[in-house]
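Dropping a prediction and its sequence here:
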Amino acid sequence: MIRKTIWASILFAAYVLQACGQAHQRNKNWLEDIEKLEKQMVVLNNQQNDIPLKALNTKNIASINLGFDHASIFDSLLNKYDVVRSFSSFNNDLNAIQDDLNFYNQVIVTLTDSALYNSDNLNFIKSIQKKKKLVIALFGNGSSLPLLNDVEAPIVWNSERSTIAASLSAQVIFGGREITNKLTQDYSAKYTKGSGYNIPAIRLAYSVPEEVGLNSNDFSEIDKIVQQAITERATPGAVVLVAQKGKVIFNKAYGKHTYESDDLVKTDDIYDLASVTKITATTIAAMKLFEEGKFKLSDSISQYIKRTKGTDKANITIKDILLHQAGFIPYIPFYKDLKPTDFQRDSSENYSVKVADSFFLKNNYYKDVMWKRMLEAPLRTPGKYVYSDLSMYYMKEVVEGITGEKLPLYLEDNFYKPLGMKSTLFNPRNKFEKKRIVPTELDGYFRNILVWGYVHDQGAAMAGGVAGHAGLFSDATDLATISQMLLNKGSYGDVVYFKPQTVELFTSKQSDISRRGLGFDRWDQDKTKKYPSEFASSQTYGHTGYTGTCLWIDPARELIYIFLSNRVYPKVTNKILELNTRSRIQDVIYKAIEKQNNKTD
């Protein structure tokens, strides 16, 4: 039996190695095809610089397929950048589609050369361009280009009709890839040899490790580390994303939503970020306000939170809050203070704060009870580093006091919508179906229900799902987008969100007594801790989350690493910490980079 087990293990290992080798070769072949198509692709009629698409917060985008076999791939890539609704002439007549387009101001039409010879399709295109902003993705040999002489809308022309062409064209439309090619022959009096527009790369591209000089084989250990975590019930599933040099090169889903579920994890599943909220919500809001001169780091919070006047919190500075040096206790278990009269199982006029399914808290409980507790809580360690969730409760109030807006709305208008972050929000059950959201804990001590689409953190839940330290939900693609903006020192998609010096200030080491930046966690100079990874550079910043998440950015390697899991299901355990899952995956990524660097040295 032992020999059979050993032999089976050897065969499995051999299979894995063979599969990895095949993946590497397949990726090399794919990359050759991409590079070939990139040299052939031409963008026409872009005199108004409509491509890449910009100002995403002003667009409702529809994609119309008029006869392209790989439109599903095309639309899937479009949706990496923003919400795009798909329509097809196979299922809807063109008149009905025109009615549906009343709700959209940006239309992307995909079709082939042969489809253009259908007069109905051509008339549809001419009609749409009179009413909407239009982009045409044309696939084929270009013989039909003369039929578009009267069309002024941008044309993204690819000579092939393949899945790779579909992927490439979608990325070019949003500026994921740079194109500089020109027509090599005359097609009409309008589309002549030498015609074509340069398209810059202004957003993330979606690729494979080989495009940035890495080897897919060197990422195979990630599968084993995540599978070990699942097998040992550290988490029922996970998503891992790696981006380098402006390209997402690894994005993979593992396991199931729960151990008992049939729902496999998908790369666009939405997770409770827990404390990653601190840097992807509250801190970036604070960065913007700081840059606009709305507060100084030396300001005391009583300038912005009047209820702190007359308390020992009045003179705490914003800088000390962001560095976790204000002296706050780590947390307050607010749920333990609940009385039977504080909540109901059904909503009513006086009980409208939804904490979970069939759990409604008394109105104003957050202000009347929770704030009172926070103001009365003693300051035990002022001037020392003690990580505390209370810091971001206070910081959220500072932000809302300055802006006069609720934090979710401020973030959506200033960051999430313009960045194209379509899955990032508080209280996701208000927008998304449960099946898109990964459950967290089977709560048997507070809500007595499976927490699914409501924030896991008890205090944040009692605050209506929105708190400065927790409450944000997102998927890996959205997190990669905001991470790349930070890695770009504040710019993304041709929009400047921060000055470079603002990003540098908040993400660099700002404390004499800890590794912390302003709101951001950072690389630990104590190398025995190997935090967040044994091989991370001293420039690395990001954050981890209690639910089993992390986001790390390493400018020295132009690297983004994202890990999402629901390690608190069904109950909170430290297994993922004991296995060191997140850091070990990060180590694998660094080793892959270092291996290739050594080859080129």
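All right, it came through fine. In this text the structure is predicted, and so the values were computed from the model without any measurement. Numbering: from 1, shown residues only.

in which helix or strand would I find Q185?
Under the assignment given by DSSP states H and E, Q185 is not contained in any helix or strand.

from now on call the first residue 425
Sure, I'll start numbering at 425, so the last one becomes Q609.

which phi and psi does it have?
Main-chain torsions, Q609, degrees, to the nearest 10: phi -160, psi 170.

mind checking pLDDT for it?
Q609 carries a pLDDT value of 96.

Distance of it relative to V875?
In this view, Q609 and V875 are 62 Å apart by C-beta to C-beta, to the nearest Å. Bear in mind the C-beta positions are built from the backbone N, C-alpha and C, glycine included.

ok, those two, which is more surrounded?
Shown here are Q609 and V875; by other C-beta atoms under 10 Å, V875 has more neighbours (25 against 9).

Contacts only, for that one.
Applying C-beta atoms under 8 Å, 6 or more residues apart in numbering, we find V875 in contact with A780, P863, T864, E865, L866, D867.

Most neighbours among these, which one is it?
Neighbour-wise, the contacts of V875 (other C-beta under 10 Å) top out at T864, 27 neighbours.

State whether it is indeed within a strand.
No. Counting by DSSP: H, G, I helix; E, B strand; the rest coil, T864 is located in no strand; its state is coil.

Not counting its neighbours along the chain, what's nearest it?
H880 (4.2 Å; C-beta to C-beta, 6 or more residues apart in numbering).

okay, now the one you found: neighbour count?
23.

Doesn't it belong to a helix?
No. The assignment for H880, made by three-state DSSP, is coil rather than a helix.

residues contacting it?
Taking C-beta under 8 Å, 6+ apart, one finds D696, A698, T864, E865, A894, Y970, T971, V992 in contact with H880.

per-residue pLDDT, the fourth one?
The score at E865 is 97. That number is its pLDDT.

now the one 5 residues further on
Reading off the per-residue confidence, F870 sits at a pLDDT of 95.

so Y985 sits right up against V666, yeah?
Yes. Contact status for Y985 versus V666: in contact at 5.8 Å, counting by C-beta atoms under 8 Å.

need the contacts of V875 in a markdown table with distance to V927, can you?
Below are the contacts of V875 laid out as a markdown table (distance: C-beta to C-beta, whole Å):
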| residue | distance to V927 |
| --- | --- |
| A780 | 36 |
| P863 | 34 |
| T864 | 31 |
| E865 | 34 |
| L866 | 39 |
| D867 | 37 |
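
in this protein, which segments are predicted with low confidence?
By pLDDT under 70, the low-scoring segments of the chain are 425-445, 514-516, 1024-1025.

ok, now with 80
Within the chain, the ranges that satisfy pLDDT under 80 run 425-445, 514-516, 1023-1025.

on that earlier part again, overlap in contacts, Y985 and V666.
I1013.

which ones are touching E635?
Contact analysis of E635 by C-beta under 8 Å, 6+ apart lists L455, I458, K671, I673.

what kind of secondary structure is it in?
Applying three-state DSSP: E635 is helix.

Kindly provide the distance from it to Y611.
To Y611, E635 is 31 Å away according to C-beta to C-beta.

Which of the contacts of H880 fall in helices?
Counting by DSSP state H, these place none of their members in helices.

Out of those residues, who's the most crowded?
Using other C-beta under 10 Å as the neighbour test, those are led by D696, with 33 neighbours.

That residue touches S898, doesn't it?
No. With contacts counted by C-beta under 8 Å, D696 stays clear of S898, the gap being 9.1 Å.

got TSV for the contacts of H880, with distance to L1001 too?
Output for these, formatted as TSV (distance: C-beta to C-beta, whole Å):
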residue	distance to L1001
D696	17
A698	14
T864	17
E865	16
A894	18
Y970	11
T971	13
V992	12
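
quick one: which of those residues is nearest to G600?
D696 (28.2 Å; C-beta to C-beta).

I'd like the distance between that closest one and A887.
15 Å.

what's the answer for E576, then?
51 Å.

Of those two, which one has the most company?
Under the criterion of other C-beta under 10 Å, the comparison of E576 against A887 puts A887 first, with 26 against 12.

any idea whether the nearest residue in space to the more buried one that is not next to it in sequence is helix, strand or coil?
Among residues not flanking A887 along the chain, Y790 sits closest, at 4.7 Å (C-beta to C-beta, 6+ apart). Under three-state DSSP, Y790 falls in the helix class.

Tell me where the stretch 575-724 of the chain has helices.
For the stretch 575-724 of the chain, helices defined by DSSP state H, counting those that start in this stretch occupy the ranges 587-597, 644-655, 701, 707-715.

Tell me which of those helices is the most buried.
Most buried of the helices of the stretch 575-724 of the chain by mean neighbour count (mean count of other C-beta atoms under 10 Å) is helix 701; its value is a mean of 30.

quick one: contacts of it?
M816, A891, G892, H893, A894, G895, L896, G969.

got those residues as TSV, with distance to G661 columns?
Shown next, in TSV, are the contacts of helix 701 (distance: C-beta to C-beta, whole Å):
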residue	distance to G661
M816	28
A891	25
G892	28
H893	25
A894	21
G895	22
L896	20
G969	16
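
most surrounded residue in these?
Busiest of the contacts of helix 701 [other C-beta under 10 Å] is L896, holding 34 neighbours.

So for it, what's the nearest residue that isn't a sequence neighbour?
Per C-beta to C-beta, 6+ apart, closest to L896 is T701, 3.9 Å.

Just list the residues touching the closest residue to G600 other than its chain neighbours, thanks.
In this structure, G600 finds its nearest non-sequential neighbour in A629, 4.2 Å apart by C-beta to C-beta, 6+ apart. Residues in contact with A629 (C-beta under 8 Å, 6+ apart) are Q595, G600, R601, G670, K671, V672.

Give me the buried subset of those residues.
Q595, G600, R601, G670, K671, V672 (16 or more other C-beta atoms under 10 Å).

what would the residues you listed look like in CSV with distance to K730?
Shown next, in CSV, are those (distance: C-beta to C-beta, whole Å):
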residue, distance to K730
Q595, 49
G600, 47
R601, 51
G670, 45
K671, 48
V672, 45
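
Which one of the residues you listed is nearest to S961?
Of these, the one sitting nearest to S961 (C-beta to C-beta) turns out to be G670, at 17.8 Å.

Please write out the alpha-carbon positions of stretch 836-851 in CSV.
The C-alpha trace of stretch 836-851 is given here as CSV (Å, rounded to 0.1, in the frame of the first residue of the first chain):
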residue,chain,number,x,y,z
GLU,A,836,-17.6,56.1,-5.4
ASP,A,837,-17.6,59.5,-7.0
ASN,A,838,-13.9,60.3,-6.5
PHE,A,839,-12.3,56.8,-7.0
TYR,A,840,-14.3,53.7,-7.7
LYS,A,841,-16.5,54.9,-10.6
PRO,A,842,-13.8,56.8,-12.5
LEU,A,843,-11.4,53.9,-12.0
GLY,A,844,-13.9,51.5,-13.4
MET,A,845,-14.1,49.6,-10.1
LYS,A,846,-17.5,48.0,-10.6
SER,A,847,-17.5,45.5,-7.7
THR,A,848,-16.1,47.6,-4.9
LEU,A,849,-18.7,48.8,-2.3
PHE,A,850,-20.1,48.6,1.1
ASN,A,851,-23.2,46.5,1.8
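
quick one: the residue nearest to G600 from D902, how far?
Following C-beta to C-beta, the distance that separates A629 from D902 is 16 Å.

Check which helix or strand Y817 maps to.
helix 814-827.

and the following helix or strand past that helix, which residues are buried?
As assigned by DSSP H and E, the chain's next helix or strand after helix 814-827 is helix 831-835. By neighbour count on 16+ other C-beta under 10 Å, the buried set for helix 831-835 is L831, P832, Y834, L835.
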